[in-house]
Structure formats: C-alpha cells, structure tokens
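Novice: This is the structure alone, sequence omitted:
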Ligand SMILES: [Zn+2]
C-alpha cells in the first residue's frame, strides 16, 4: 500500500476539522495538528518543548525549524502509511522547509487538500457558533438549541468563543488570505492541490475527498 502524506488547507470555518476526523477513521492516518503538538511537547517537558517554551514565554513565535522537527519526529514515531497534517504549513517559506526535510527522509507529499469556503460563509458559520463549558456546540441559525442560550444536554449557559467573534473572524480571514492563500498556487504549480467545496454538506465533501484519495493511491501504484 502506498503512503498517503497529506496536508489540509482552507480558511477557518470551512470544515477542515470535521473532514480530518472522518479521514483519520477511514484511512487510520495519524493526525498531526501543530497546535496540539506544541502543547504536548510543552506538557511532557521534552527538549523541543523546552526550546519552544523559551520563545513563547518571551512572546515570540516558535521558529519554523523547531515546529518542523516536532512534525518529523511524530511522523517517524508513527511509522506507517502516512499522515494528515493540519495547521502547518501556513506560509510558503514553511512549505519549502517542510518539503526539503521530507525529501531528506525519502518521503514526498501525496496531496494538499483544500477545503474552500468564501468569506461570507465563514463569517456566517463561525459568528453564529455557541457552545457550553462541556464543549457541546450549536449554531444560532443552522443548529439552534431548544431554548435560546441554554445547552440541550446539560442545561448550562451557552457562550461565544472569543475566536468566533466577528471582528476576530475577519482578522483570522485576513491573515489566511495574506499568508496562507499563496500556498494554493504553490501546491497547484506542483500538481499537488486538490480542491473541495466546503459549502456542500460535510458528508458530500467527505465522499469527494475519499474518492480523490482512492484515485491518488491507484495512480501511485501504476
Ligand atoms: Zn452542554
């Protein structure tokens, strides 16, 4: 069986997380979310975690090569048939660095999966999201609770995450357009980009991704 080395791209709120959960199950791929990876290293107080903490405690960004080291360590530790990378690369420089390091390991990317959604859709989805402290998630228009502002499952009060406030959503989108969107061209030029319409129902998006990955695997075996 050929490897599936995948990265997930797309704006916040396009449904990447939902698709990642399903893909992990389908293909039993290790899912590497860089935010979780950083947290894990710091909690376990590894050498890499300590190095990252030094930057973060001084209010600095963790350098790319440190993050890439964490990613490669994890890929090696998982061994296996591939990985699903989420949250990295976010810039062209990061993509270059990751590609070079992977080549050193004799691996190459299978595809960059882009789950698209336009800005209006993203704002509508994220700014309508409400959740309780237990993590039950609702949407004021698409999936409202039975009683406004109260969780159906535990009766506690719903609130809006700071990340989902409209002004923050717009800032995250602007950052995405500026920094991450150039990656779309980058991977397209390398014939690695595969596009999916995140405005469609999650199940349809999922079917489309699965079919695409099945084809990629077949092509790889020919
Ligand atoms: Zn709840």
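Specialist: Yep, it's here. Quick caveat: nothing in here was measured; it's all calculated off a predicted structure. Numbers count the residues shown, from 1 in each chain.
Novice: any idea how far residue 192 is from the residue lying farthest from the centre of the chain?
Specialist: The C-alpha centroid of the chain is most remote from residue 147, which lies 32.0 Å away (C-alpha atoms, centre = their mean). As for residue 147, its distance to residue 192 is 47 Å (criterion: C-beta to C-beta, to the nearest Å). All C-beta spots, glycine's among them, are computed from the backbone N, C-alpha and C.
Novice: Contacts only, for the residue nearest to residue 37 when sequence neighbours are not counted.
Specialist: Nearest-residue entry for residue 37: residue 70, 5.0 Å, with adjacent residues in sequence omitted and distances by C-beta to C-beta, 6 or more residues apart in numbering. Counting by C-beta atoms under 8 Å, 6 or more residues apart in numbering, residue 70 touches 34, 37-38, 41, 48, 52.
Novice: residues in contact with the biggest helix by length in the chain?
Specialist: Ranked by residue count and defined by DSSP state H, the top helix of the chain is helix 202-221. By C-beta under 8 Å, 6+ apart, the surrounding residues in contact with helix 202-221 are 1-2, 4, 6, 15, 18-19, 22-23, 26-27, 110-111, 113, 115, 194, 196-198, 200.
Novice: Provide a ChimeraX selection command restricted to the buried entries of the residues you listed.
Specialist: One line in ChimeraX is enough to select the buried ones among the contacts of helix 202-221; burial here means 16 or more other C-beta atoms under 10 Å:
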select :4,6,15,19,22,23,27,110,111,113,115,194,196,198
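Novice: In helices, which of the contacts of helix 202-221 appear?
Specialist: Within these, residues falling in helices by DSSP H are 18-19, 22-23, 26-27.
Novice: Tell me how many other residues crowd residue 90.
Specialist: By other C-beta atoms under 10 Å, 17 other residues sit near residue 90.
Novice: Give me the distance between it and residue 14.
Specialist: Distance of residue 90 to residue 14, given as C-beta to C-beta: 15 Å.
Novice: Residue 154 too?
Specialist: 29 Å.
Novice: Ok, residue 103 next?
Specialist: Remark: distance between residue 103 and residue 14 (C-beta to C-beta) = 29 Å.
Novice: Give me the more crowded residue out of the two.
Specialist: Higher neighbour count among residue 103 and residue 14: residue 14, with 25 against 11, using other C-beta under 10 Å.
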